[in-house]
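Student: Return atomic coordinates for the entry below.
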Amino acid sequence: MSDRRAAELTDDEIIALVLDGDTEAFSELVRRHRGRVLRLGRSFFRDEEEAADFTQDVFVKAYTALAGFKGRAKFSTWLLRIAYNTAINAKQRRKETLRLDPEAEIEGEGGTDEAHLREETAKAVRQAMAELPPKQALCIELCFYYDLSYAEIGEITGFPVNTIKSHVFRAKKLLRERLGDAKEAEYAV
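Tutor: A predicted model of the protein is given here:
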């Protein structure tokens, strides 16, 4: 399949091709969704190589389970559910606490004051998020960084929608307090 043709197809159409034997078509799904899975991996694992291994593992699991994809949710939601479960299981195997990495996804452009300000703001937000209770941090990250609905977050995490709403509400409140305290401390200097 040409890259141009693949780009015109929906995820569901590509899945149908893969299930009909065109295993090469799966590479288009990887191309489309790799960034989101890698970003989630970086949130859970501090080491870039570990996040890359995690991403590869998630896509292998998705490929082997693709026949079980029923299309009730978007493919991206189903894939992030696999990624979330893979990360949780890896943390449990190592007996590690669920903690998101405050440095993940800080991509400084360097050079300009505006880029530096964006980088510092992103770093402050990530550090404040790292101090949140783990479930609150996860819910707010999936909501704002992945632009997922509460229903999609529920499909990924297994949390009830009202619990997700509560986690997001509390996380926003704590972030406002912590970021407000940091801003006041900055002006006090």
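Student: quick one: low-confidence ranges for this structure?
Tutor: Per-residue confidence for the chain (pLDDT under 70) gives these ranges: 1-4, 6, 96-117, 181-189.
Student: go again using 90 as the cut-off
Tutor: 1-8, 23, 39-40, 42-47, 70-73, 87-135, 137-138, 140-148, 174-189 (pLDDT under 90).
Student: Go through it and flag its longest helix.
Tutor: Longest helix of the chain, by residue count under DSSP state H: helix 161-188.
Student: what's it packed up against?
Tutor: Judged by 3 or more C-beta pairs under 8 Å, 6 or more residues apart in numbering; DSSP states H and E, helix 161-188 is in contact with helix 113-130, helix 134-144, helix 150-157. For glycine as for every other residue, the C-beta is placed from the backbone atoms N, C-alpha and C.
Student: Can you point out the buried residues in that helix?
Tutor: 163-165, 167-168, 170-171, 174-175, 178 (16 or more other C-beta atoms under 10 Å).
Student: Touching, A62 and R81? I think so.
Tutor: No - look at A62 against R81 with C-beta atoms under 8 Å: they stay out of range, at 9.8 Å.
Student: So which of these two has more stuff around it?
Tutor: Higher neighbour count among A62 and R81: A62, with 22 against 17, using other C-beta atoms under 10 Å.
Student: got a list of what the more buried one touches?
Tutor: 29, 78-79, 82 (C-beta atoms under 8 Å, 6 or more residues apart in numbering).
Student: among those, which ones are buried?
Tutor: 29, 78-79, 82.
Student: Can you tell me which of those residues end up in helices?
Tutor: Counted as lying in helices by DSSP H, out of the buried ones among the contacts of A62, are 29, 78-79, 82.
Student: Check which helix or strand L17 maps to.
Tutor: Assigned by DSSP states H and E, L17 belongs to helix 11-19.
Student: Thanks a lot, see you next time.
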